[in-house]
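Peer 1: got a predicted model here, sequence first, then my questions.
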Amino acid sequence: MRKILLLTLLSSLILVACKKSEIHVVLETTKGDIELKLYDATPLHRDNFVKLVKECAYDSLLFHRVIRDFMIQGGDPDSKNAAPGVFLGEGDRPYTVPAEFRLEEGIFHRRGVLAAAREGDDVNPEQRSSAMQFYIVWGKVFDDAGLDNIQKRLDDRTGGRVKLTPEMREEYKTVGGTPHLDGQYTVFGEVVSGLEVVDAIQRVQTDGNDRPLEDVRIIRARLR
């Protein structure tokens, strides 16, 4: 009996340790709080994001690019004091983060994931990520025909390197997302609370540059 109790206690301690190892970040925004879990499978992006949060780099920045049924994007340091209507999206820090694609670990562009923005392939063939700019996926729900078309586009763009698995296809048909970005932009976390806030942000009115007409701001980013 004593041995069983000790084993049970040990198992409980291991579970607690595993839970504590997860890193969560809360984005306090003008639309409400979004809680993110960062993936251990993408340590370069995880550690970079944590570093920036600790430096208060995201505090007072805008979600400067919002596209309905696609995604919400933030992290441009130039957005902190930007005047209304000014085009944003080119601000960053002077470094990039190596790509960490983890499709084989079930990390892909389903609704609610956190991913890194980046410059295009023409100037960034290694598909390295922006130091600061990120996006949270909303996307849409697809049917089989739509996913077949996406697969053809992925084959063209990646030389057949990226394949939508049955599990991925099922997720895109039920939950939704942006499958055409898979294997090209690094996904490094997910929303665990506040998906309704993401929905509210992706529905706001925007101008011709996809900037919200009324500022949507990250008041504060903090580790939970």
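Peer 2: Arrived safely, thanks for sending.

Peer 1: now the residue positioned nearest the centre of the chain, nearest residue through space, not along the chain?
Peer 2: Nearest to the mean C-alpha position of the chain, by Cα atoms, centre = their mean, lies Leu114 at 1.2 Å. In this structure, Leu114 finds its nearest non-sequential neighbour in Gly189, 3.7 Å apart by Cβ to Cβ, 6 or more residues apart in numbering. C-beta here means a position set from N, CA and C on the backbone, and glycine is covered the same way.

Peer 1: how close does the one you found sit to Asp207?
Peer 2: Between Gly189 and Asp207 the computed distance is 28 Å (Cβ to Cβ, to the nearest Å).

Peer 1: so the two - more neighbours on which side?
Peer 2: A count of neighbours by other Cβ atoms under 10 Å puts Gly189 above the other of Gly189 and Asp207, at 24 against 11.

Peer 1: which ones are touching the more buried one?
Peer 2: 25, 36-39, 42, 45-46, 49, 113-114 (Cβ atoms under 8 Å, 6 or more residues apart in numbering).

Peer 1: still on that earlier bit, just the element for the residue nearest to the centre of the chain, please.
Peer 2: strand 113-116 (DSSP states H and E).

Peer 1: and the contacts of the helix or strand just after that strand?
Peer 2: Note on strand 113-116: by DSSP H and E, the next helix or strand toward the C-terminus is strand 129-130. The contact list for strand 129-130 (Cβ under 8 Å, 6+ apart) reads 45, 75, 92, 96-99, 116-119, 185-186.

Peer 1: mind listing the helices for the protein?
Peer 2: All helices of the chain, identified by DSSP state H, fall at 2-21, 43-54, 144-158, 166-174, 195-202.

Peer 1: helices and strands of this protein: which one has the lowest mean pLDDT?
Peer 2: Across the helices and strands of the chain, the lowest-confidence element by mean pLDDT, DSSP states H and E is helix 2-21, at a mean of 48.

Peer 1: where does Ile23 land on pLDDT?
Peer 2: At Ile23, the model reports a pLDDT of 98.

Peer 1: thinking again about what came up before, now the residue nearest to Leu114: how far from Asp76?
Peer 2: 19 Å.

Peer 1: how about Tyr185?
Peer 2: On the measure of Cβ to Cβ, Tyr185 and Asp76 end up 17 Å apart.

Peer 1: got the buried residues for stretch 217-224?
Peer 2: Neighbour counts over stretch 217-224 (16 or more other Cβ atoms under 10 Å) mark 217-218, 221 as buried.

Peer 1: for those residues, which one is nearest Ala82?
Peer 2: Arg217 (10.6 Å; Cβ to Cβ).

Peer 1: quick one, what contacts that closest one?
Peer 2: With Cβ under 8 Å, 6+ apart, Arg217 has these contacts: 29-30, 60-63.

Peer 1: filter those down to the buried ones, PyMOL style.
Peer 2: Restricted to buried positions by 16+ other Cβ under 10 Å, the PyMOL selection for those reads:
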select buried, resi 29+61+62+63
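
Peer 1: kindly reformat the contacts of Arg217 as TSV containing distance to Leu181 and pLDDT.
Peer 2: Output for those, formatted as TSV (distance: Cβ to Cβ, whole Å; pLDDT from 0 to 100):
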residue	distance to Leu181	pLDDT
Thr29	23	98
Thr30	27	98
Ser60	28	98
Leu61	22	98
Leu62	22	98
Phe63	18	98
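
Peer 1: from the contacts of Arg217, which land in strands?
Peer 2: Residues of the contacts of Arg217 located in strands (DSSP state E): 29, 63.
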